[in-house]
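In: Got a predicted structure here, sequence first:
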Amino acid sequence: MASRISKDTRLCISLSGRPSNIGTRFHNYLYDELGLDFVYKAFRPSDIADAVAGIRGLGIRGAGVSMPFKESVLPMMDVLHDSARAIESVNTIVNDDGILHAYNTDYQAVVDLLAAHEVDPTVPVVIAGSGGMAKAVAAALRHSGFTEGTVVARNETSGRALAQKYGYAWRSDATDLSAGLLVNATPIGMSGGGA
C-alpha cells in the first residue's frame with residue numbers, strides 16, 4: 001500500500017459477496033512496485049446500486065466485480081464493452097470521469113490466449129464447470145471458432161443451460177471423454193488450499 005495516502009491518491013475497490021485479503025494485498029503490492037499512487041480496498045456491499053453510485057460519485061477509479069454482482073451491475077453501466085456484452089457479465093468497472101465502462105477481462109483473456117497460442121479451433125474442447133468463469137470460457141471458445149465442445153458440470157441445470165447457449169454438449173462427468181483442449185473452470189483452488 002502507498003506509504004502515504006494523500007488527496008491525490010486514487011482508490012480502486014472490489015465489490016464481492018465474499019471479499020478476501022488476497023486481492024487487496026496483491027493489488028497494493030503491485031501499486032507499490034510500479035510506483036503508482038493508488039490504494040485498493042475490498043468491500044461487501046449491502047446495496048449494489050448504492051455501491052456503483054459511490055464509484056461514480058466519489059471518483060473511485062475502478063472496481064473489480066465478483067459474484068454475486070457480475071450480472072446485476074450491467075444496467076448501471078454507461079458503456080458495455082464487447083467483452084462484457086459477449087457474456088452479459090462484468091468483472092471490471094473503469095470510471096472515466098464519471099462514465100462507467102464495463103469489461104469482462106476473463107472472456108478477453110481467453111480470447112487473447114487462444115489467439116496468441118494459435119490453438120486449433122477444430123479440436124474438441126471440454127469445459128469443466130458451469131459458473132461465471134465457465135461462461136466466459138465457453139463464450140470465448142465459440143467466439144474463437146471452437147464448435148465441438150462438452151460442458152462437464154455436476155449441476156445439471158446450469159451445465160445444460162451453458163452447453164445449450166453455446167451449442168455444446170453437456171455431461172455430468174468426464175468418464176471416457178477425450179479432448180484436444182481441457183479448461184478447468186471449477187472453483188477448485190479458490191479457497192487457497194491445494195488442488
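Out: Sure, I can see it. For clarity, every value in this text was computed on a predicted model and none was experimentally measured.

In: Return the set of buried residues in the lengthiest helix in the chain.
Out: In the chain, taking DSSP state H as the definition, the longest helix is helix 21-34. Across helix 21-34, burial judged by 16 or more other C-beta atoms under 10 Å covers Gly23, Thr24, His27, Asn28, Tyr31. Quick note: C-beta positions are derived from backbone N, CA and C, even for glycine.

In: go on, stretch 53-72?
Out: Here stretch 53-72 shows Gly54, Ile55, Arg56, Ile60, Gly62, Ala63, Gly64, Val65, Ser66, Phe69, Lys70 as buried, counting by 16+ other C-beta under 10 Å.

In: Which stretches in the chain count as strands?
Out: Secondary structure of the chain (DSSP state E): strands at 10-15, 38-43, 62-65, 79-80, 92-96, 99-103, 125-128, 149-152, 169-171, 181-184.

In: by contact count, what packs against the fifth one?
Out: In this structure, strand 92-96 makes packing contacts with helix 48-57, strand 62-65, strand 99-103, judged by 3 or more C-beta pairs under 8 Å, 6 or more residues apart in numbering; DSSP states H and E.

In: can you check the second one too?
Out: Counting contacts by 3+ C-beta pairs under 8 Å, 6+ apart, strand 38-43 packs against strand 10-15, helix 21-34.

In: how far out from the middle of the chain is it?
Out: Distance of strand 38-43 from the chain centroid (C-alpha atoms, centre = their mean, to the nearest Å) equals 18 Å.

In: out of the helices and strands packed on strand 92-96, nearest to Ala174?
Out: strand 62-65 (30.3 Å; C-beta to C-beta).

In: Need the residues that contact the closest one.
Out: Contacts to strand 62-65, defined as C-beta atoms under 8 Å, 6 or more residues apart in numbering, come from residues 12-16, 23, 55, 73, 90-95.
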